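Trainee: need a 3D model of the following:
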Amino acid sequence: MTTTPAEVRPLRAFVRLGRPKFLFQSMLVVAVGVTIAVHSGFPADLRWYLVTLLFAWCTHLMTHYCNEYFDLEADRANAAPTSWTGGSRVLVSGHLAPVVSLSAAFVLLFAGVLLLAVLPGTPTRLMGAVIIALAWLYTAPPLRLNYHGLGEISCAAVLYGLGPLLACFAQAGTVSTAGLSCIAVLFGFQFLRMAIMNLSDIEGDRAVGKKTLAVLLGATGLVRLFAVGQVAGYAAIALLLVLGVVPAVVGVLMLATAPVPLWVTRQLTSGALREPRRANAVTFWVSMHMPLTAAAITLGLLADLAAAGRLWQPWTAVCAATFLVFGGWLARAVRDNRATAPVPTG
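Mentor: Numbering: from 1, shown residues only. Sure, this is the predicted structure:
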């Protein structure tokens with residue numbers, strides 16, 4: 001039975017509008033950055049961790065509310081959304097007025113600017129300013145980056161590029177070669193992930209003239225880009241491991257995530273996005289590939305610290321809590337969402 005706008009509680013609709021389930025990504029992004037700093041010998045300052053996490057969540061939510069407003073026409077044209085693409089559907093269904101989303105985005109924008117002023121050091125504040133600018137302009141005028149083939153790279157830069165760098169610099173004021181290499185891998189994988197997310201929305205985007213990379217390359221070209229990109233990414237991880245740029249346990253754990261994109265690639269090449277249940281599974285697992293890889297890096301760095309006898313410190317407890325929260329949510333998401341079956345096995 002469908003519900004009318006009047007039957008949906010405004011507060012519940014407002015929360016759905018912000019799509020808070022994606023905040024697990026930024027939570028793990030911050031954990032990666034802080035762990036890189038700790039692995040480099042800098043003690044974790046939990047105050048800066050909390051400030052960075054609040055900034056990450058604030059800008060992440062701001063992006064969602066902003067996108068819901070400026071992507072409304074494209075979301076309305078999307079006849080086959082999944083649970084992970086096509087927006088929250090709150091505005092499309094008429095449960096809230098579009099101005100509510102825009103207003104929330106502006107409030108979060110101002111909150112992000114205030115947190116930006118609190119961040120330590122000029123480099124960190126500059127990174128934060130770029131994050132806010134790119135996040136807002138992802139769909140908002142005048143640039144509307146995701147409407148001109150630049151959305152995938154800007155999203156990768158904001159979340160898995162500058163995100164962990166900001167968290168690391170807030171703690172250490174610098175980043176190690178190993179840490180920078182891990183961040184570069186995350187950036188590449190996030191670019192590929194966003195390409196697939198936009199591929200799922202291709203028909204609606206094409207109808208309103210939204211030129212994502214999927215629209216520009218076409219489905220066949222984009223799937224080929226994803227497959228080649230994943231091979232290049234894991235080859236790079238193997239090379240970093242062989243050259244000793246990253247600790248061995250970090251490289252091995254990162255390589256262990258390969259079955260997820262392999263399964264996604266197989267699904268894409270067999271036309272999964274044309275079937276709602278399989279499309280939902282694909283967009284779910286291509287999204288989960290990112291926090292799983294971030295968790296692999298964090299766990300690997302912590303294991304390397306343990307081997308050096310430097311594991312037992314307050315930051316370890318924070319990481320343990322982070323993994324418990326994410327693990328509990330992931331288990332529930334896999335169980336409750338029927339479309340996630342089958343689970344990727346390679």
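Trainee: surely residue 245 meets residue 177?
Mentor: Yes: at 6.3 Å, residue 245 and residue 177 qualify as touching, with contact defined as Cβ atoms under 8 Å. All C-beta spots, glycine's among them, are computed from the backbone N, C-alpha and C.
Trainee: these two: which has the busier surroundings?
Mentor: When neighbours are counted by other Cβ atoms under 10 Å, residue 245 and residue 177 differ, and residue 245 comes out ahead with 18 against 11.
Trainee: which one is that one nearest to, not counting chain neighbours?
Mentor: Counting by Cβ to Cβ, 6 or more residues apart in numbering, residue 245 lies nearest to residue 181, which is 5.3 Å off, once chain neighbours are set aside.
Trainee: per-residue pLDDT, the one you found?
Mentor: pLDDT for residue 181: 98.
Trainee: give me the neighbour count for it.
Mentor: 21.
Trainee: next: residue 111.
Mentor: If you count neighbours by other Cβ under 10 Å, residue 111 ends up with 16.
Trainee: CA atoms of the helix or strand where residue 32 lies as PDB?
Mentor: Using DSSP states H and E, residue 32 maps to helix 23-39. Taking C-alpha atoms only, helix 23-39 is exported to PDB below (Å, rounded to 0.1, in the frame of the first residue of the first chain):
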ATOM      1  CA  LEU A  23      27.600   8.900   6.700                       C
ATOM      2  CA  PHE A  24      29.400   5.600   7.500                       C
ATOM      3  CA  GLN A  25      31.600   6.400   4.500                       C
ATOM      4  CA  SER A  26      32.800   9.700   5.900                       C
ATOM      5  CA  MET A  27      33.200   8.100   9.400                       C
ATOM      6  CA  LEU A  28      35.600   5.600   8.000                       C
ATOM      7  CA  VAL A  29      37.400   8.200   5.900                       C
ATOM      8  CA  VAL A  30      38.200  10.200   9.000                       C
ATOM      9  CA  ALA A  31      39.400   7.000  10.700                       C
ATOM     10  CA  VAL A  32      41.800   6.300   7.800                       C
ATOM     11  CA  GLY A  33      43.300   9.800   8.000                       C
ATOM     12  CA  VAL A  34      43.800   9.700  11.800                       C
ATOM     13  CA  THR A  35      45.300   6.200  11.600                       C
ATOM     14  CA  ILE A  36      47.800   7.200   9.000                       C
ATOM     15  CA  ALA A  37      48.900  10.000  11.300                       C
ATOM     16  CA  VAL A  38      49.100   7.600  14.300                       C
ATOM     17  CA  HIS A  39      51.000   5.100  12.200                       C
END
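Trainee: re earlier: SS state for the residue nearest to residue 245?
Mentor: Secondary structure, DSSP: H, G, I helix; E, B strand; the rest coil: residue 181 is helix.
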